[in-house]
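In: here is the input, now give the coordinates:
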Amino acid sequence: MTQVGSVNVGTLRIGYRRSGQGSPLLLLHGFFGDSRIWRWQLDALSADFAVVAWDCPGCGESTDPPAGFTLTDYADVLAEFVRALSLERPALIGLSFGGALALELARRHREIPSALVVADGYAGWSGSFPPDVVQRRLEQSLPDLDLPRDQVAEKWVRGFLTDAAPPDLVEEVGHVIAGFHRHGMDAMIRALAYADLREGLDKIEAPTLLLWGDMDVRSPLTVAEDLHARIPESRLVVIPGAGHLSNAEKPDEFSREVREFLS
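Out: Model prediction:
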């Protein structure tokens with residue numbers, strides 16, 4: 001059974017979902033998401049792990065961060081969240097923005113992660129794309145925050161899932177997207193846009209799995225290949241037929257790869 005809770009980390013309240021027993025496994029979501037986007041993994045992996053899915057500051061049940069929050073700030077809050085819940089050397093799965101966050105945590109707090117799974121993530125937008133692409137993404141993303149929520153969901157779900165995604169999944173993901181915090185998403189977008197994590201990736205010590213949907217249009221395979229080349233002894237696994245939310249579109253394959261890697 002999944003438990004829903006929250007904990008205070010400094011001035012922020014951080015919401016989370018928790019399920020299962022065993023060694024800790026911490027799940028980090030991406031843009032327009034919260035802990036609900038991990039429902040498949042909370043179910044499938046809880047037989048082997050104590051699975052915790054957090055709500056990033058400014059998402060779900062968590063309070064919004066102050067203006068100017070950087071990816072480094074998110075990583076420091078995450079480190080305190082780990083300590084607050086007494087998660088001893090958790091493995092991390094980071095999806096999209098959460099993948100970049102997992103990498104930043106591993107760079108700044110090497111003592112925390114026992115293993116990393118970066119799923120459809122980035123070395124920050126500035127670390128994965130040329131400046132003109134970063135600027136274009138900002139110009140395409142930030143104005144969306146002032147649109148009606150149903151329009152935001154309709155637009156973004158098309159980039160997160162493939163055209164083959166079943167209607168019930170499209171509806172479910174769209175419902176999660178529509179629940180975004182306006183100020184929270186603004187902070188996340190800017191933090192990811194200006195982050196460049198390339199320096200120090202070669203010093204990551206935790207075993208790292210790069211898990212990618214082969215049809216991801218948000219973070220294409222070229223991003224995965226660059227991370228693979230930079231992170232020592234990392235492993236790259238591609239999930240056929242999956243888009244950006246590979247955990248939701250191909251949950252069985254995703255969870256199987258995670259379980260195999262962490263075992």
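In: pLDDT weak spots in the stretch 1-150 of the chain?
Out: Within the stretch 1-150 of the chain, no stretch falls below the threshold (pLDDT under 70).
In: the stretch 1-150 of the chain: helices as residue ranges?
Out: 39-44, 71-84, 97-108, 125-128, 131-141, 149-160 (DSSP state H, counting those that start in this stretch).
In: tell me, what residue is most central in this protein?
Out: Gly98 (2.3 Å; C-alpha atoms, centre = their mean).
In: that residue against His29, yeah?
Out: Yes - with contact defined as C-beta atoms under 8 Å, Gly98 and His29 form a contacting pair (5.2 Å). Yep, even glycine has a C-beta here, placed from its N, CA and C like the rest.
In: shared neighbours, these two?
Out: Listed contacts common to Gly98 and His29 are Cys56; contacts here mean C-beta atoms under 8 Å, 6 or more residues apart in numbering.
In: that older thread, mean neighbour count, the helices of the stretch 1-150 of the chain: which tops it?
Out: Greatest average neighbour count among the helices of the stretch 1-150 of the chain goes to helix 97-108 (a mean of 26), per mean count of other C-beta atoms under 10 Å.
In: residues touching Ala91, list them.
Out: Ser23, Pro24, Leu25, Leu26, Phe49, Pro113, Ser114, Ala115, Leu116, Val117, Leu262.
In: out of the residues you listed, which end up buried?
Out: Ser23, Pro24, Leu25, Leu26, Phe49, Pro113, Ala115, Leu116, Val117, Leu262 (16 or more other C-beta atoms under 10 Å).
In: JSON lines for the residues you listed, including distance to Glu225?
Out: Converted to JSON lines, these look like this (distance: C-beta to C-beta, whole Å):
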{"residue": "Ser23", "distance to Glu225": "30"}
{"residue": "Pro24", "distance to Glu225": "30"}
{"residue": "Leu25", "distance to Glu225": "26"}
{"residue": "Leu26", "distance to Glu225": "26"}
{"residue": "Phe49", "distance to Glu225": "28"}
{"residue": "Pro113", "distance to Glu225": "22"}
{"residue": "Ala115", "distance to Glu225": "21"}
{"residue": "Leu116", "distance to Glu225": "17"}
{"residue": "Val117", "distance to Glu225": "17"}
{"residue": "Leu262", "distance to Glu225": "23"}
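In: now, which of those residues sits nearest Arg256?
Out: Comparing the buried ones among the contacts of Ala91 against Arg256 with C-beta to C-beta picks out Leu262 as the nearest, at 11.1 Å.
In: ok, now which ones touch the closest one?
Out: Leu25, Phe49, Ala91, Ala115, Val117.
In: hmm, back to that, wait, which of the helices of the stretch 1-150 of the chain is closest to Val237?
Out: Going by C-beta to C-beta, the one of the helices of the stretch 1-150 of the chain nearest Val237 is helix 97-108, 13.7 Å.
In: give me the helices and strands touching the closest one, please.
Out: Packing contacts for helix 97-108, counted by 3 or more C-beta pairs under 8 Å, 6 or more residues apart in numbering; DSSP states H and E, involve strand 23-28, helix 71-84, strand 91-95, strand 115-119, helix 182-194.
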